[in-house]
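Colleague: turn this into a model:
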Amino acid sequence: MTSPGPCEVSWFAALCDDDYEQLGVPKPDLESSWEHCSRIVETAERVGFDNILLPSGYGLGIDSVTFAAGVARRTATIRLLVAVRCGEMWVPQLARQMATLDRMLDGRLTVNIISSEMPGEKLDGEPRYRRTAETMRVLRALLNGESVRREGEFVRLEIDPPRVRTVSGSSPLLYFGGLSEPAREVAAREADVYLMWPDTRERIVELIDDMTTRAARHGRTLRFGYRVHVVVRETEDEARRAADHIVAALDDETGAAIRARSLDSESVGVRRQAELRVSSSDDGYAEPHLWTGIGRGRSGCGAAIVGDPANVLAKLNDYRSMGIDAFILSGYPHLDECERFGTMVLPHLDHAGLSA
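Modeller: This next block holds a predicted model:
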């Protein structure tokens, strides 16, 4: 197999009230806020990350788009991966927002599309993903400067593109994830980067093969991204002890309450994270250095790469050999783990930075 090219390495800004020293033990200074989350972004830029995810959740933390606008001019090199939830904003206005943000960032915007129910809404998966597909298609067209004439199920409009354009004149990359059948089809037709949550090596290979085939049927190619936590220390034993410390104060009732807060807590992907945790060894490892204990206290991404710098680097490079070229990493507390990873692992990754 040929050597993979440079990868994109992103950190996580914890806008969604997901920062702890120990899961289930809130600390006021780690709560989602403008001050705390902007420090995470600034730290990630300083240590050399390529991009940073600004997550979105109605009942959790602070708003991703508003935060992105505020932090845009406080950054110079790092890209912002701004999460937006389909249906919460009328698509033409969303396109205008995204084009304006891209201008404020001098072309450093990327967009994470979330296929979620709107706050207070109950919508089955099939129609929800149809809405997502329509949103992504119209959003891309408007950001590409195209007029739209559409009579869809959810998006019905006849409109010219907004006057404000992105720096490049075309749509930023659209990142999208989902494990269900309709989610995979949306990604194959509409996404640029397909995001995966942690799983065993065999399952990741199968998923990449499946998504590559699906995209090819639509005459498209996908990039692949991997969202995972990291716990890196000088030695493997230290890393394993640090991982155990993260969940040492967590009881099952508190963990279940944290997992249930997300609007996406019943998705196929979330269920797969739970299955991975249940099928792991007694110490919580699904395979060497992939620890699922972190999923006891959070919804969504439920596993971490745990080890010394060489262990973590080898695991990431193994994923790269499978075809993954974008990583979205996080760790607890986010400022501390950002510094550790940025010092101990990031300089050894080939991440020259892929153009947005």
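Colleague: close enough to count as contact, residue 26 and residue 19?
Modeller: No - using C-beta atoms under 8 Å, residue 26 makes no contact with residue 19, being 9.3 Å away. No exception for glycine: its C-beta is placed from N, CA and C like everyone else's.
Colleague: which one's more surrounded, those two?
Modeller: Comparing residue 26 with residue 19 by neighbour count (other C-beta atoms under 10 Å), the higher total belongs to residue 19, at 25 against 12.
Colleague: could you export the longest helix seen in the chain as CSV, CA atoms only?
Modeller: In the chain, assigned by DSSP state H, the helix with the most residues is helix 125-143. Output in CSV follows, covering the C-alpha atoms of helix 125-143 (Å, rounded to 0.1, in the frame of the first residue of the first chain):
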residue,chain,number,x,y,z
GLY,A,125,-35.3,8.9,10.9
GLU,A,126,-36.4,8.4,7.2
PRO,A,127,-38.0,11.9,6.8
ARG,A,128,-35.3,13.5,8.9
TYR,A,129,-32.6,12.2,6.6
ARG,A,130,-34.6,13.3,3.5
ARG,A,131,-34.6,16.8,5.0
THR,A,132,-30.9,16.5,5.6
ALA,A,133,-30.2,15.6,2.0
GLU,A,134,-32.3,18.5,0.7
THR,A,135,-30.6,20.9,3.1
MET,A,136,-27.1,19.8,2.1
ARG,A,137,-27.9,20.0,-1.7
VAL,A,138,-29.4,23.4,-1.5
LEU,A,139,-26.8,24.8,0.9
ARG,A,140,-24.0,23.7,-1.4
ALA,A,141,-25.7,25.1,-4.5
LEU,A,142,-26.2,28.5,-2.8
LEU,A,143,-22.6,28.6,-1.5
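Colleague: which residues sit against that helix?
Modeller: Residues from elsewhere that reach helix 125-143 (C-beta atoms under 8 Å, 6 or more residues apart in numbering): 86-87, 91-92, 94-95, 98-99, 113, 115-117, 123, 148, 150, 152-155, 157, 159, 161-162, 165-166, 170-172, 174, 176, 178, 180, 182-183, 185-186, 189-191.
Colleague: out of those, which are inside strands?
Modeller: Of the positions in the contacts of helix 125-143, 113, 148, 150, 157, 159, 174, 176 sit in strands, assigned by DSSP state E.
Colleague: quick check, nearest of those residues to residue 274?
Modeller: residue 176 (21.8 Å; C-beta to C-beta).
Colleague: my guess is that closest one contacts residue 188. True?
Modeller: No - with contact defined as C-beta under 8 Å, residue 176 does not reach residue 188; the gap is 10.0 Å.
Colleague: in stretch 210-222, what's buried?
Modeller: Residues of stretch 210-222 classed as buried by neighbour count (16 or more other C-beta atoms under 10 Å): 211, 212, 214, 215, 222.
Colleague: and the gap between residue 301 and residue 276?
Modeller: 11 Å (C-beta to C-beta, to the nearest Å).
Colleague: please enumerate the strands of the chain.
Modeller: 8-12, 51-54, 79-85, 109-114, 148-151, 156-159, 174-177, 193-196, 223-232, 285-287, 290-291, 304-307, 324-330.
Colleague: which pLDDT value goes with residue 279?
Modeller: Residue 279 is assigned 75 on the pLDDT scale.
Colleague: do the same with residue 354
Modeller: 38.
Colleague: likewise residue 24?
Modeller: Residue 24 is given a pLDDT of 87.
Colleague: against residue 246, how distant is it?
Modeller: 10 Å.
Colleague: same thing with residue 328?
Modeller: From residue 328 to residue 246 the distance is 19 Å (C-beta to C-beta).
Colleague: kindly report the same for residue 301.
Modeller: 14 Å.
Colleague: list the residues that contact residue 337.
Modeller: 230, 231, 232, 330, 331.
Colleague: closest to residue 321 among those residues?
Modeller: residue 230 (18.4 Å).
Colleague: pretty sure that closest one is touching residue 311, no?
Modeller: No - in this structure, residue 230 is not within contact of residue 311 by C-beta under 8 Å, at 10.4 Å.
Colleague: all helices for the stretch 201-350 of the chain, in order.
Modeller: Under the criterion DSSP state H, counting those that start in this stretch, helices of the stretch 201-350 of the chain are mapped to 201-217, 236-246, 252-260, 268-278, 309-322, 334-344.
Colleague: just tell me which of the ones you listed ends up closest to residue 36.
Modeller: Across the helices of the stretch 201-350 of the chain, closest to residue 36 is helix 334-344 (C-beta to C-beta), at 8.1 Å.
Colleague: quick one: pLDDT of residue 267?
Modeller: pLDDT, residue 267: 73.
Colleague: number of residues surrounding it?
Modeller: For residue 267, using other C-beta under 10 Å, the count is 21.
Colleague: from residue 76, how far off is it?
Modeller: 36 Å.
Colleague: over to residue 13?
Modeller: Distance from residue 13 to residue 76, by C-beta to C-beta: 17 Å.
Colleague: who has more neighbours out of the two?
Modeller: Between residue 13 and residue 76, counting by other C-beta under 10 Å, residue 13 is the more crowded of the two (32 against 9).
Colleague: for the more buried one, give me the pLDDT.
Modeller: 98.
Colleague: number the residues from 22 up from this point.
Modeller: With 22 as the first residue, the last one maps to residue 34.
Colleague: hang on, it packs against residue 72?
Modeller: No - applying C-beta under 8 Å, one finds residue 34 not in contact with residue 72, separated by 10.6 Å.
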